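Q: with the input below, show me the fold.
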Amino acid sequence: SARAAVVPAYLPAPPGPGCQRQIVRLYPGLLPVRSQRRGIAERHACGDCPMTICYFSAQYLPTVGGVERYTWNLARCTVAAGHRAIVVTSALPNLPEHEIDGDGIEIYRLPVWPVMNGRFPVVKPGARFHALTAQIWAQKLDFCVVQTRMYTQSVWAARAAKRRGIPMLVIDHSTGYMPMGNGLLGACGRLYEQVACRLVRGTGAPFYGVSAAACRWLHTFGITAAGTMPNAIDPAALEQEAAHAPDWRAKLNLGDRKIVLFVGRLIPEKGAGLLAQAVAQLPGVVLVAAGSGPQQQELANLGAVTPGALPHDAVVQLLRQADVYCLPTRYAEGFPTTLLEAAACRCPIVCTRTAGTEELLPDDTHGIVLPGQPQDATVETIRAGLQTLLDDPARAHACAEAAYRNVYAHFTWDAVFDKMMGIINQS
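A: The predicted structure is shown next:
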């Protein structure tokens with residue numbers, strides 16, 4: 001294909017003008033056999049020199065999710081800064097195992113077993129796996145970023161980078177164990193996570209959380225986070241996606257009712273069912289639940305409008321036109337992207353005390369955080385939180401403006417990328 005024709009040879013990014021490459025002497029056993037014979041590895045020595053940064057993310061676009069977009073945004077920033085970005089992820093049907101996308105990001109998709117309907121891809125060793133990974137490691141990677149601590153790809157990538165003497169960091173995106181229930185399956189899942197985290201921790205890589213809550217959760221595994229690497233937004237991209245928006249009120253036949261918006265998977269852990277019951281008790285208010293999942297019909301039966309999973313630009317446009325964004329989640333979130341996007345779109349927020357709220361909504365002048373822990377949310381507390389803002393447009397506007405100023409001051413991808421590059425250059 002034409003796209004395959006532009007795939008570069010497996011070479012490191014060329015050094016910048018005047019850059020002297022640093023020769024790093026490594027201990028025997030940390031490098032492949034050929035490198036062990038030399039006992040050295042080359043690394044770029046200056047911050048201005050183009051580097052090759054490899055992101056290992058078991059989940060990636062076009063799969064929809066926060067980790068997927070987080071990885072994509074950092075990779076885009078990498079390319080925009082003049083570096084080379086490689087993303088190593090899991091194979092998906094009808095997608096090539098190796099390509100360069102329209103953003104200039106080189107993508108490798110490794111063979112996997114799609115456990116839990118693809119929500120937990122497990123690396124699948126074999127001839128294709130070994131051929132692809134040989135290509136990846138042949139490219140003189142300058143730095144590796146491992147997304148999330150518990151996927152099998154994360155464990156493999158961290159240990160493989162360690163053996164090759166490649167510096168790395170790990171970014172974690174959760175505040176709880178994978179939701180697998182309280183029975184034997186859940187116990188096995190928690191045991192697996194403990195073992196996986198011990199293996200990744202054993203590489204000596206520094207860990208970062210996407211929120212203060214994610215950093216605290218790492219203590220469960222005996223890990224002290226080196227700091228936060230927060231989730232973020234791209235102001236210019238959001239403005240572009242919001243441009244030329246249709247009237248979603250008319251498009252969804254909402255009439256003159258006030259709009260409460262929910263975006264996410266329609267599963268009990270996200271709280272959409274409780275939210276639909278709460279909105280059903282508010283006259284002149286309609287819930288728009290943008291997403292897909294097993295609760296979709298249940299929500300529709302409660303009067304919610306359920307357009308299904310929408311493209312990202314449609315979500316941004318709806319956030320601009322909604323009266324309130326509500327996320328009553330009790331899921332083990334890391335830092336929900338939709339909260340950041342709601343703030344960036346000046347949409348007033350009602351949510352549970354999930355990860356990221358202490359940074360984004362530090363007090364009740366920025367939004368409504370429901371009392372108690374996320375699992376304490378009820379139909380009554382959700383309804384009361386919504387009424388607080390729906391009945392007081394002036395307060396809703398003030399909260400939206402405060403959250404907007406906060407997100408633009410502290411949670412942009414340029415700021416997060418600059419922080420990551422500072423860590424990389426220091427390493």
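
Q: for the stretch 51-200 of the chain, what spans make up the helices?
A: 66-80, 127-137, 152-163, 184-201 (DSSP state H, counting those that start in this stretch).

Q: out of those, flag the one nearest Val407.
A: helix 66-80 (14.3 Å; CB to CB). In this view, the C-beta of every residue, glycine as well, is placed from N, C-alpha and C.

Q: okay, that closest one in PDB with CA atoms only?
A: Extracted C-alpha coordinates of helix 66-80, given in PDB (Å, rounded to 0.1, in the frame of the first residue of the first chain):
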ATOM      1  CA  GLY A  66      -9.300   7.500  28.400                       C
ATOM      2  CA  VAL A  67      -6.000   5.600  28.200                       C
ATOM      3  CA  GLU A  68      -6.300   5.300  24.400                       C
ATOM      4  CA  ARG A  69      -6.700   9.100  24.000                       C
ATOM      5  CA  TYR A  70      -4.100   9.800  26.600                       C
ATOM      6  CA  THR A  71      -1.500   7.800  24.700                       C
ATOM      7  CA  TRP A  72      -2.600   9.300  21.400                       C
ATOM      8  CA  ASN A  73      -2.200  12.900  22.700                       C
ATOM      9  CA  LEU A  74       1.200  12.300  24.100                       C
ATOM     10  CA  ALA A  75       2.300  10.600  20.900                       C
ATOM     11  CA  ARG A  76       1.000  13.600  18.800                       C
ATOM     12  CA  CYS A  77       2.900  16.000  21.000                       C
ATOM     13  CA  THR A  78       6.000  13.900  20.500                       C
ATOM     14  CA  VAL A  79       5.800  14.200  16.800                       C
ATOM     15  CA  ALA A  80       4.900  17.900  16.900                       C
END
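
Q: what stretches of this structure score poorly on pLDDT?
A: 1-48 (pLDDT under 70).

Q: what pairs with Cys351 across the strands?
A: Leu327, Val369 (DSSP bridges).

Q: if we can go back for a sec, could I get the helices of the stretch 51-200 of the chain as JSON lines with distance to Thr52 and mean neighbour count?
A: JSON lines is the format used below for the helices of the stretch 51-200 of the chain (distance: least, CB to CB, whole Å; neighbours: other CB atoms under 10 Å):
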{"stretch": "helix 66-80", "distance to Thr52": "9", "mean neighbour count": "22"}
{"stretch": "helix 127-137", "distance to Thr52": "10", "mean neighbour count": "14"}
{"stretch": "helix 152-163", "distance to Thr52": "13", "mean neighbour count": "21"}
{"stretch": "helix 184-201", "distance to Thr52": "22", "mean neighbour count": "15"}
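
Q: residue ranges for the strands of the stretch 101-250 of the chain, please.
A: 106-110, 112-115, 120-123, 143-147, 168-172, 207-209, 227-228 (DSSP state E, counting those that start in this stretch).

Q: for those strands, give me CSV that also has distance to Gly273.
A: Below are the strands of the stretch 101-250 of the chain laid out as CSV (distance: least, CB to CB, whole Å):
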stretch, distance to Gly273
strand 106-110, 35
strand 112-115, 26
strand 120-123, 24
strand 143-147, 30
strand 168-172, 28
strand 207-209, 29
strand 227-228, 32
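
Q: tell me which of those lies nearest to Gly308.
A: The nearest among the strands of the stretch 101-250 of the chain, by CB to CB, is strand 112-115 at 21.7 Å.

Q: what's next to the closest one, contact-wise?
A: Ala58, Ser90, Ala91, Pro121, Val122, Val123, Lys124, Gln153 (CB atoms under 8 Å, 6 or more residues apart in numbering).

Q: before we move on, the earlier item: okay, the helices of the stretch 51-200 of the chain in a markdown table with distance to Ala355 next?
A: Listed next are the helices of the stretch 51-200 of the chain as a markdown table, based on distance: least, CB to CB, whole Å:
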| stretch | distance to Ala355 |
| --- | --- |
| helix 66-80 | 11 |
| helix 127-137 | 31 |
| helix 152-163 | 19 |
| helix 184-201 | 17 |
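
Q: can you tell which of the strands of the stretch 101-250 of the chain is closest to Pro336?
A: So among the strands of the stretch 101-250 of the chain, strand 207-209 is nearest, using CB to CB, at 14.0 Å.

Q: just checking, what packs against the closest one?
A: strand 168-172, helix 212-217, strand 227-228 (3 or more CB pairs under 8 Å, 6 or more residues apart in numbering; DSSP states H and E).

Q: give me the sheet partners of that strand and which way each runs.
A: strand 168-172 (parallel), strand 227-228 (parallel).

Q: comparing these, which comes out most buried?
A: strand 168-172 (a mean of 26; mean count of other CB atoms under 10 Å).

Q: follow-up on the earlier one: out of the strands of the stretch 101-250 of the chain, which gets nearest to Val200?
A: strand 168-172 (6.2 Å).

Q: name the residues that touch that closest one?
A: With CB under 8 Å, 6+ apart, strand 168-172 has contacts from 70, 143-149, 154, 158, 161-162, 200, 203, 205-210, 214, 217-218, 225-226, 229, 334, 420, 423.
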